[in-house]
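Novice: quick check, what structure comes out for this input:
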Amino acid sequence: MQKPLEETPQKTLTDAKNPIEKQHNLSICIGEINTLMVMRDTDYGYFLEAKDGSEILLPNIYVMEDEMPMGSLLDVFVYTDSEDRPVATTKMPYAKLGEFGYFTVVDYKPYGAFVNWGLPKDLFVPLSQQKEHFTVGKKYLLRVCLDEQTNRLYATQKIGKYFNRDMKGLHQNKTFEAIILAKTPLGFKVVADNQYEGMLFDNEIFETLRIGDKKKVYIKNVRKDFKLDLSLQPIGKQAKIGEGEGTVLQRLKEADGELAFTYKSDAEEIKKTFGMSKKNFKRTLTALIESKQIALLESSIKLL
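Specialist: Modelled structure (predicted):
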């Protein structure tokens, strides 16, 4: 099977060295990263403990004795295994509880589908949580949820009820990470910060986007219908020329120092070559000319 986008790269919770002192979890939380204390070694693996004394197994496959001394605090992700028992892992899933991901269907049953979310046990999508018939091998944008009665994690395609309608504290140029949800006639519908519904408009997009892509976005406008107009570039005076300058200089180097572009060049050609709007391109040219990095000729720009 072709490796899905969300599987590259697969990281573990031990990849990053966090200089901040760890905060020991009061209790064990399913679907989240937990910081637990290594308490005892058994034939099956290490048992980790929360402050309230509750314990969970970290199977041998994830144990690295040299990096996990007894009494140390360890970051682990907690979910339930094939027998619905809570278990810890040092692997990071593609999305945690309350987050959205673009998952590949690996199996389908009369009662629901199973998707690959980066852990040994696939994530279940109940039939009642599907808006369409799922197809094995196809990807779907889903949210990770928790059944509080059974403590089982599951995924849903019915995401509308999870959007946050509280717009307090939101303002222009506030940044979020967003995941591309769907293509619409106006642009791309996105989920920002795993909680806000937003839109990126076609006439402001200067790169190729795909469903499931994760992008840094900027708030352009907070709408009265509890949705956000978003942009891939900073708005107004906070817009940064620096990145654009680097792009123009790189394209010039690739073209042996000269390109047939000026302030009057076609907007579509600018978008195709530099991945920016004509307005930003003109602003970038001015900055590069004033800093004496390029020269503007009659029908081209040239590196100095």
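Novice: buried ones in the helix or strand hosting D107?
Specialist: Using DSSP states H and E, D107 sits in strand 100-109. Neighbour counts over strand 100-109 (16 or more other CB atoms under 10 Å) mark F100, G101, Y102, F103, T104, V105, V106 as buried. The C-beta positions use only the backbone N, C-alpha and C, and glycine is treated the same way.
Novice: same question, stretch 213-227
Specialist: In stretch 213-227, counting by 16+ other CB under 10 Å, buried: K215, V217, Y218, I219, K220, V222, K227.
Novice: repeat for stretch 251-262
Specialist: L252, A255, L259, F261.
Novice: between those, which is nearest G246?
Specialist: L252 (10.8 Å; CB to CB).
Novice: only C-alpha atoms, please: export the one helix or strand the closest one maps to in PDB.
Specialist: Take DSSP H and E as the rule and L252 turns out to sit in helix 242-254. Extracted in PDB, the C-alpha atoms of helix 242-254 (Å, rounded to 0.1, in the frame of the first residue of the first chain):
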ATOM      1  CA  GLY A 242      11.600  38.900   3.900                       C
ATOM      2  CA  GLU A 243      10.300  35.600   2.600                       C
ATOM      3  CA  GLY A 244       9.300  37.100  -0.700                       C
ATOM      4  CA  GLU A 245      12.800  38.600  -1.100                       C
ATOM      5  CA  GLY A 246      14.400  35.200  -0.600                       C
ATOM      6  CA  THR A 247      12.100  33.600  -3.200                       C
ATOM      7  CA  VAL A 248      12.900  36.300  -5.800                       C
ATOM      8  CA  LEU A 249      16.600  36.000  -5.100                       C
ATOM      9  CA  GLN A 250      16.500  32.300  -5.400                       C
ATOM     10  CA  ARG A 251      14.700  32.300  -8.700                       C
ATOM     11  CA  LEU A 252      17.200  34.800 -10.000                       C
ATOM     12  CA  LYS A 253      20.100  32.600  -9.000                       C
ATOM     13  CA  GLU A 254      18.400  29.600 -10.700                       C
END
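Novice: please begin residue numbering at 37 from this point
Specialist: Okay, using 37 as the starting number, the last item reads as helix 278-290.
Novice: identify the bridge partners of the nearest residue to L222 once chain neighbours are set aside.
Specialist: Excluding its sequence neighbours, the residue lying closest to L222 (CB to CB, 6 or more residues apart in numbering) is F237, at 5.9 Å. Beta-bridge pairing for F237 (DSSP bridges): G223.
Novice: cool, and L109?
Specialist: M73.
Novice: surely it meets M75?
Specialist: No: using CB atoms under 8 Å, L109 is not in contact with M75; the gap is 11.1 Å.
Novice: before we move on, the earlier item: a markdown table for the buried residues of stretch 287-298, including distance to S267?
Specialist: Shown next, in a markdown table, are these (distance: CB to CB, whole Å):
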| residue | distance to S267 |
| --- | --- |
| L288 | 26 |
| A291 | 29 |
| L295 | 26 |
| F297 | 23 |
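Novice: in stretch 316-335, what counts as buried?
Specialist: So, applying 16+ other CB under 10 Å, buried residues of stretch 316-335: N316, F317, K318, R319, T320, L321, A323, L324, I330.
Novice: so which of the residues you listed are in helices?
Specialist: N316, F317, K318, R319, T320, L321, A323, L324 (DSSP state H).
Novice: quick one: distance of the helix holding L288 to the chain centre.
Specialist: For helix 278-290, the gap between its own C-alpha mean and the chain's C-alpha mean amounts to 26 Å (CA atoms, centre = their mean, to the nearest Å).
Novice: contact partners of it?
Specialist: Identification of contacts with helix 278-290 by CB atoms under 8 Å, 6 or more residues apart in numbering yields 294-295, 309-312, 316-317, 319-321, 323-324, 329-330, 337-339.
Novice: ok, stretch 249-264 next?
Specialist: 199, 201, 203, 206-216, 226, 228, 232-236, 245, 265-271.
Novice: can you flag the buried ones in the residues you listed?
Specialist: 206, 212, 214-216, 226, 228, 232-236, 245, 265-269.
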